[in-house]
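# A predicted structure for the sequence below; I have some questions about it.
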Amino acid sequence: MRRLVIMNQKGGVGKTTTTANLGGALARMGWRVLMVDLDPQAHLSIHFGFDPEQEAPTIYDVLTGDAKAGDVLFRSAEGVTLIPSCVDLAAAEVELVGHADRHAILVRAIDALDEPFDAVLIDCPPSLGLLTLNGLTAAYEVLIPLQPHFLALQGLMKLGQTVALVRERLNPMLRIAGVVICMQDTGTLLSAEVIHGLEQILEAQRRAGNAWSDARIFHTRIRRNIKLAECPSHQVSIFEYAAKSNGALDYAALAHEMFAAVEVKELVAADVAATIPMPAPRTEPVPAVEVPMSRQAAGA
Ligand SMILES: Nc1ncnc2c1ncn2[C@@H]1O[C@H](COP(=O)(O)OP(=O)(O)OP(=O)(O)O)[C@@H](O)[C@H]1O
Ligand SMILES: [Mg+2]
């Protein structure tokens with residue numbers, strides 16, 4: 001099972017869009033996908049048609065101990081399963097302050113699910129608080145969406161330190177898979193400068209041999225594409241909404257690069273798939289980690 005947490009404490013960089021469309025890609029390839037919305041804004045939930053205003057139980061009830069994860073699952077029309085969120089989740093950070101194991105509630109909830117999943121994708125809020133900490137404790141891989149803007153790299157070291165701390169104290173299986181550039185405006189000088197700066201940071205971190213040691217900048221860049229901004233209002237992923245768009249191509253290519261089993265030509269229109277060179281998927285096998293015993297042994 002792959003367990004990915006999609007995080008960046010900067011707001012509006014493409015976390016939710018990346019979670020939704022990577023999950024959509026995997027679901028269309030027949031993977032059993034669980035998405036977890038850890039953001040009180042509930043954008044991922046709304047994207048797939050969950051109404052956070054209704055009284056249905058959400059991740060808030062799971063974190064506060066009032067429901068099991070299996071009791072709050074929401075099934076989207078497109079075949080993804082979601083643990084939805086709602087605005088109350090913002091209060092959970094405060095309500096859980098006295099809870100001794102507050103960072104590990106999500107991992108326990110996922111481990112206790114009866115239903116088998118091939119991939120779990122966790123969408124974080126734009127902060128490094130308790131909700132993100134639960135995401136990091138529940139995952140094996142961190143994916144960092146980054147918008148190549150002025151100040152994009154500021155905050156990356158803090159993010160890395162947070163991951164390192166979680167790896168050291170709570171979840172030794174955690175590693176940073178890499179950075180995906182989102183909303184790229186092709187050909188701008190600024191993008192090139194940010195990516196160069198990022199390469200230097202990753203190189204220095206790799207040498208230090210820590211959570212970053214096999215992190216990379218994904219070859220696939222997600223270009224700015226209006227169809228990606230439109231598809232949440234249709235409650236589906238980009239593959240259902242606009243299979244010929246650049247957004248569909250880019251997320252299909254990213255899914256292929258991250259999950260070798262995903263075939264681009266099965267996700268987007270064949271004539272479109274033929275137009276782009278595909279990056280090779282990672283060749284080194286991603287360790288198949290079976291939790292929960294080793295995690296428990298690690299004291300999480
Ligand atoms: N490649 C893209 N092209 C055009 N618009 C995009 C693209 N990626 C994301 N967007 C839009 O940009 C906005 C921010 O994206 P998104 O919600 O994915 O970011 P986020 O990091 O999850 O934000 P937050 O930190 O608030 O959770 C959204 O309106 C989304 O539809
Ligand atoms: Mg978001």
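Noted; the coordinates are in hand. Ligands and ions are numbered 1, 2, ... in the order given.
# residues near residue 165, how many?
13 (other Cβ atoms under 10 Å). In this view, the C-beta of every residue, glycine as well, is placed from N, C-alpha and C.
# quick one: the longest helix that the chain contains near ligand 1?
If you go by DSSP state H, the chain has its longest helix at helix 189-208. No - using Cβ under 6 Å from any ligand atom, helix 189-208 never reaches ligand 1; the gap is at least 12.8 Å.
# That helix: which residues count as buried?
Neighbour counts using 16 or more other Cβ atoms under 10 Å place 191, 194-195, 198, 201-202, 205 of helix 189-208 among the buried residues.
# got TSV for those, with pLDDT too?
Output for those, formatted as TSV (pLDDT from 0 to 100):
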residue	pLDDT
191	80
194	87
195	88
198	90
201	87
202	88
205	82
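# restrict these to those near ligand 2?
For ligand 2, no contacts are drawn from those by Cβ under 5 Å from the ion.
# tell me which of those is nearest to ligand 1?
residue 191 (12.8 Å; Cβ to the nearest ligand atom).
# so that closest one touches residue 184, yeah?
Yes - between residue 191 and residue 184 a contact is recorded at 5.7 Å, counting by Cβ atoms under 8 Å.
# Mind listing the shared neighbours of those two?
Jointly contacting residue 191 and residue 184 under the rule Cβ atoms under 8 Å, 6 or more residues apart in numbering are residue 148.
# Surely residue 177 is within a strand?
Yes - Residue 177: assigned to a strand according to DSSP: H, G, I helix; E, B strand; the rest coil.
# how far away is the closest residue to it other than its chain neighbours from residue 214?
Closest residue to residue 177 apart from its sequence neighbours, by Cβ to Cβ, 6 or more residues apart in numbering: residue 141 at 4.2 Å. Going from residue 141 to residue 214 by Cβ to Cβ, to the nearest Å gives 10 Å.
# The two: which is more packed in?
Applying other Cβ under 10 Å to residue 141 and residue 214 shows that residue 141 carries more neighbours, namely 20 against 13.
# Phi and psi next, for the more buried one.
Main-chain torsions, residue 141, degrees, to the nearest 10: phi -130, psi 140.
# For the chain, which segments count as strands?
Using DSSP state E, the strands of the chain run over residues 2-6, 33-37, 74-75, 81-83, 119-123, 141-146, 175-181, 216-217.
# count of neighbours near the closest residue to ligand 1 within the stretch 51-200 of the chain?
Nearest residue of the stretch 51-200 of the chain to ligand 1, counting by Cβ to the nearest ligand atom: residue 126, 3.4 Å away. Neighbours of residue 126 under the rule other Cβ under 10 Å: 17.
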